[in-house]
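> pasting the sequence and the predicted model now:
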Number of protein chains: 2
Amino acid sequence: MSQPISVLTPTPCKECPLRQRDIFRDRSPSDVAFIQEFKTNEFFYQPNQTILFENAKSDQLFTMLSGWAFRFKTLEDGRRQIINYVLPGDLMGLQASLSAPMTHGVDTLTECVLCVFQREKLWDLFSGHPQLGFDVTWLAAREESTLDEFLLSIGRRTALERLAYLLWFLFDKAKGIGLVKNNRLEMPMRQGHLADTLGLSLVHTNKTLQKLREKGSIQLNDRYLTIIDEQSLMRLAHVETKIPNSRPLI
Amino acid sequence: MSQPISVLTPTPCKECPLRQRDIFRDRSPSDVAFIQEFKTNEFFYQPNQTILFENAKSDQLFTMLSGWAFRFKTLEDGRRQIINYVLPGDLMGLQASLSAPMTHGVDTLTECVLCVFQREKLWDLFSGHPQLGFDVTWLAAREESTLDEFLLSIGRRTALERLAYLLWFLFDKAKGIGLVKNNRLEMPMRQGHLADTLGLSLVHTNKTLQKLREKGSIQLNDRYLTIIDEQSLMRLAHVETKIPNSRPLI
DNA sequence: CGTTCCCTTGAGACCGCTCAAAGACCGTGG
DNA sequence: CCACGGTCTTTGAGCGGTCTCAAGGGAACG
């Protein structure tokens, strides 16, 4: 299990390529300066490396700068549940910074670049920069409502609806950060990851994927996802509340 | 659909009966004073009333003072997923205070007494009382890790494991706030609620409940739950990470 | 050119679902 | 005091969605 390497010339926060996107809210110069100070390092990970270990303590929290990763939990016998995917702009490791050891792990899917923050400075963030504290809470609350929706999915949607929902969700989220080009999204995960996200077996996920393709809602081959008819996909998935994408970046 | 009534003589925060319990962390007098000011009202609800409406805006957030409620989401065709239960000391409505309309509803199970806070003062909380801001985040992060565990449950645990987990979880949580007396917990929810929490049908939930009883792990009748053999229940449920109960109260 | 990883397909088993009905409990009104 | 309706629990029967097991095919890579 190899280690990440530190990036020699980290991106300065005020030139952060993510922050340029209008999906991320504006920040005061003083808040950006604090974030810069808060950021102690920049890490580069290979695909299939572990960023955060299940049940281990961590002194760091991270913002994904580029790449895909996923959060997951496992049972001792190996059953795995993928909780959510981590895309550029997402914060992770907050939980471990606030209290106990991590109750979930995070693994990379692609090469990833991460901003590294030190947990001990988190208190300075709340006390000295309340807007940032507010934003951390905002992000946590938003993650929570995403998980609410996933629970509804796994608990009450059929396999086909679930898959439709997941693909729509990922496509929509990726679109917000500019990962969708020509209506095509490169999805680095395997069908096994989708299965572990949906609470389905690999085989049934594959068969459900076929059905979605036959219906003409999506196209997915060679790692590339295209949504052919978004309206019908959303109807199939019972998407009811589209959360606006605009959000803070830390 | 009737309305809650305002309690005529609300409990003063510094005499809050919950705050006396050692499970809730100590607070500085100045923070308690702010919470007192933040609290604009105290509501009383009957069983089966709605506290927060799905898809509606809300200007309030609440702390449960006494009683049981549950958070849920529904699909248009009526399928319902219960996300989590709300017990004394739990904060709710944060999401609506931060951004969009509520993406989930909250209904009472029993009579409930709630502290009511005004959303517009939330910013004062973060800017003037960073410890409280930190604690709000802490609560959000903890709810998130609860949902992670529920996702693992519904996605990867069998019906029996899921039910075992849920009963253990509720019992343990209720114990922390003194609701368990003589190893007995009064559980106000119906089997239909359990089913909608577990992502199972009512009938199958009933049959799974029988199995748990036959195994001698639990006793559940007349609304009262007793855990006979906690170790074996935890083993059955694959409980791996017991999150410590100590937490902040707002 | 063999190995490995991943996707695909088929067959059969089983877990959990729906439909249906009966029993238990409770509050209300005659 | 009993009859009645409503809500909740329990049980049985049969169906089907999803699972596991198994094997074949394709693409990437050393």
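Right, received. Where do you want to start? Numbering: from 1, shown residues only, chains lettered A, B, ... in the order given.
> going forward, measure contacts between C-alpha atoms and count neighbours the same way
Noted.
> pLDDT weak spots in chain A?
The model of chain A has pLDDT under 70 over residues A:1-2.
> per-domain residue ranges of it.
Domain assignment for chain A by automatic domain parsing gives A:5-148, A:158-237.
> which one of those domains is the most hemmed in?
The highest mean neighbour count among the domains of chain A belongs to domain A:5-148 (a mean of 19), with neighbours defined as mean count of other C-alpha atoms under 10 Å in any protein chain shown.
> can you give me the end-to-end span of that domain?
35 Å (C-alpha to C-alpha, to the nearest Å).
> after the longest helix along chain A comes which helix or strand?
Criterion DSSP state H: the longest helix present in chain A is helix A:130-156. Downstream of helix A:130-156, the first helix or strand assigned by DSSP states H and E is helix A:159-176.
> other residues contacting that next one?
Helix A:159-176 is touched from outside by A:23, A:87, A:153-154, A:180, A:185, A:198, A:200, A:205, A:208-209, A:211-212, A:225, A:227, A:230, A:233-234, A:236-239, A:245, with contacts defined as C-alpha atoms under 8 Å, 6 or more residues apart in numbering or on different chains.
> is any part of it close to DNA strand D?
Yes - residues of helix A:159-176 contacting DNA strand D under C-alpha under 7 Å from any atom of the strand: A:159-160.
> list the contacts of A:Tyr85.
Applying C-alpha under 8 Å, 6+ apart, the residues contacting A:Tyr85 are A:68-71.
> what of A:Val86?
Per C-alpha under 8 Å, 6+ apart, neighbours of A:Val86: A:64, A:68-71, A:92.
> nearest to DNA strand D among those?
Nearest to DNA strand D, judged by C-alpha to the nearest atom of the strand, of those is A:Trp68 at 18.1 Å.
> touching, that closest one and A:Pro188? I think so.
Yes - contact criterion C-alpha atoms under 8 Å: A:Trp68 and A:Pro188 qualify, at 7.5 Å.
> show me whatever sits in contact with both of those two.
With C-alpha under 8 Å, 6+ apart, A:Trp68 and A:Pro188 have common neighbours A:109-110.
> which SS class is the residue nearest to A:Glu149 when sequence neighbours are not counted?
Excluding the flanking residues, the one nearest A:Glu149 by C-alpha to C-alpha, 6 or more residues apart in numbering or on different chains is B:Lys73, at 7.8 Å. Recorded secondary structure, B:Lys73: strand (DSSP: H, G, I helix; E, B strand; the rest coil).
> dig out what B:Lys73 forms beta bridges with.
B:Gln81 (DSSP bridges).
> now the farthest one out in chain A, which residue is it?
A:Glu214 (28.5 Å; C-alpha atoms, centre = their mean).
> and the gap between that residue and B:Gly199?
28 Å.
> just to revisit the earlier point, closest one to B:Ile250 among the domains of chain A?
Of all these, it is domain A:5-148 that lies closest to B:Ile250, at 14.7 Å by C-alpha to C-alpha.
> show me the contacts of A:Tyr85 that map onto helices.
Short answer: the contacts of A:Tyr85 have none in helices (DSSP H).
> dump those residues to CSV, plus distance to A:Ala159.
Listed next are the contacts of A:Tyr85 as CSV, based on distance: C-alpha to C-alpha, whole Å:
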residue, distance to A:Ala159
A:Trp68, 24
A:Ala69, 23
A:Phe70, 21
A:Arg71, 21
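> mind checking the SS state of A:Asp77?
Secondary structure, three-state DSSP: A:Asp77 is coil.
> quick one, phi/psi of it?
When read as degrees, to the nearest 10, the backbone of A:Asp77 gives phi -80, psi 0.
> also A:His238?
According to degrees, to the nearest 10, A:His238 has phi 60, psi 50.
> what's near enough to touch it?
Neighbouring residues of A:His238 by C-alpha under 8 Å, 6+ apart: A:161, A:165, B:75-76.
> which of these lies at the shortest distance from DNA strand C?
Nearest to DNA strand C among the contacts of A:His238, with distances taken as C-alpha to the nearest atom of the strand, is B:Leu75, at 13.4 Å.
> so how far is B:Thr50 from that closest one?
Separation of B:Leu75 from B:Thr50 (C-alpha to C-alpha): 17 Å.
> wait, what's in contact with the nearest residue to A:Asn183 once chain neighbours are set aside?
Of all residues not flanking A:Asn183 in the chain, A:Thr226 sits nearest, at 5.9 Å (C-alpha to C-alpha, 6+ apart). By C-alpha under 8 Å, 6+ apart, the contact set of A:Thr226 is A:183-185, A:218-220.
> and the closest residue to DNA strand D within chain A, helix, strand or coil?
In chain A, the residue that lies nearest DNA strand D is A:Leu200 (3.2 Å; C-alpha to the nearest atom of the strand). Following three-state DSSP, we place A:Leu200 in the coil state.
> and stretch A:167-183, how far out from the chain middle?
How far stretch A:167-183 lies from its chain's middle: 12 Å, per C-alpha atoms, centre = their mean, to the nearest Å.
> wondering if that stretch reaches DNA strand C at all.
No - figure legend: stretch A:167-183 not in contact with DNA strand C (C-alpha under 7 Å from any atom of the strand); closest approach 14.1 Å.
> chain neighbours aside, what residue packs nearest to the residue nearest the centre of chain A?
What sits nearest the mean C-alpha location of chain A, by C-alpha atoms, centre = their mean, is A:Val86, with 1.9 Å. Once flanking residues are discounted, A:Val86 sits nearest to A:Ala69: 4.9 Å by C-alpha to C-alpha, 6+ apart.
> just checking, the one you found touches A:Thr110?
Yes - here A:Ala69 lies in contact with A:Thr110, judged by C-alpha under 8 Å, at a distance of 7.0 Å.
> overlap in contacts, those two.
Counting by C-alpha under 8 Å, 6+ apart, nothing touches both A:Ala69 and A:Thr110.
> any part of stretch A:123-138 near chain B?
Yes - counting by C-alpha under 8 Å from any C-alpha of the partner chain, chain B has neighbours in stretch A:123-138: A:123, A:126-127, A:129-131, A:133-134, A:136-138.
> contacts for that stretch, please.
With C-alpha under 8 Å, 6+ apart, stretch A:123-138 has contacts from A:31, A:34, A:248-250, B:95, B:98-99, B:123, B:126-127, B:129-131, B:133-134, B:136-137, B:140.
> same question, stretch A:199-215
A:81, A:154, A:159-160, A:163-164, A:191-192, A:194-196, A:218-220, B:154-156.
> tell me where chain A has helices.
A:17-20, A:29-38, A:94-98, A:122-128, A:130-156, A:159-176, A:191-198, A:202-214, A:230-237.
> now those as TSV including distance to A:Val7?
TSV is the format used below for the helices of chain A (distance: least, C-alpha to C-alpha, whole Å):
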stretch	distance to A:Val7
helix A:17-20	16
helix A:29-38	15
helix A:94-98	22
helix A:122-128	23
helix A:130-156	25
helix A:159-176	25
helix A:191-198	28
helix A:202-214	36
helix A:230-237	39
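> test my guess that A:Pro47 contacts A:Val113.
No - using C-alpha under 8 Å, A:Pro47 makes no contact with A:Val113, being 10.9 Å away.
> returning to what we had before: which one of the contacts of A:Thr226 is nearest B:Glu144?
A:Leu185 (28.0 Å).
> once you drop chain neighbours, what's closest to A:Leu114?
Leaving out its chain neighbours, the residue that sits closest to A:Leu114 by C-alpha to C-alpha, 6+ apart is A:Met64, at 4.7 Å.
> before I go, just wanted to say thanks for your time.
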